[in-house]
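[1] build me a model from this:
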Amino acid sequence: MSQKFVQIIDFESQRIDEMQQLLDRFGEQMQGTSGGPTHRILLADREQPGRHLAIIEFESYEEAMRNNERPEVAKLNEQLTALCTRQPSFTNCDQLDSRELK
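    Numbers count the residues shown, from 1 in each chain. Here you go, the predicted model:
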């Protein structure tokens, strides 16, 4: 059994609504295709307005790397980066545990 993989993207943008629209359209386009992210959480930093974190879950590291090779993902990343006020930073993590607490 492969270990789940999570990518955390730290970015700044004053155009989060536009980003969410792009992500929603992309999700609709990719519906029915195999692979890709299994879960997404988008967070807004309460102490630093404009700073956001996206937590993206994949079935495995290998699946995430295959996803990154898709031309449509590269195009989406370009569009999202253009809406940022600084280059996003990426943290790649193996998921050791995940559970609902309540």
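[2] for Gln29, which non-adjacent residue is closest in space?
    Nearest non-adjacent residue to Gln29, counting by C-beta to C-beta, 6 or more residues apart in numbering: Glu72, 7.1 Å away. Glycine gets a C-beta too; all of them are placed from N, C-alpha and C.
[3] what does Arg51 give?
    Excluding its sequence neighbours, the residue lying closest to Arg51 (C-beta to C-beta, 6+ apart) is Asp45, at 4.0 Å.
[4] any stretches of this protein with poor pLDDT?
    Residue ranges of the chain with pLDDT under 70: 1.
[5] and the helices in it, which stretches?
    Assigned by DSSP state H, the helices in the chain fall at 16-30, 61-68, 71-82.
[6] the last one versus helix 61-68: what angle between them?
    Spelled out, it's helix 71-82. Computed by axes from the mean of the first three to the mean of the last three C-alpha atoms, to 10 degrees, the angle separating helix 71-82 from helix 61-68 equals 80 degrees.
[7] CA atoms only: put helix 71-82 into PDB for me.
    Output of helix 71-82 as PDB, limited to C-alpha atoms (Å, rounded to 0.1, in the frame of the first residue of the first chain):
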ATOM      1  CA  PRO A  71       0.300  20.100 -19.600                       C
ATOM      2  CA  GLU A  72      -3.000  21.400 -18.200                       C
ATOM      3  CA  VAL A  73      -1.600  21.400 -14.700                       C
ATOM      4  CA  ALA A  74       1.400  23.400 -15.900                       C
ATOM      5  CA  LYS A  75      -0.900  25.900 -17.500                       C
ATOM      6  CA  LEU A  76      -3.000  26.200 -14.300                       C
ATOM      7  CA  ASN A  77       0.100  26.800 -12.300                       C
ATOM      8  CA  GLU A  78       1.200  29.600 -14.600                       C
ATOM      9  CA  GLN A  79      -2.200  31.200 -14.300                       C
ATOM     10  CA  LEU A  80      -2.300  30.900 -10.500                       C
ATOM     11  CA  THR A  81       1.300  32.200 -10.100                       C
ATOM     12  CA  ALA A  82       0.400  35.300 -12.200                       C
END
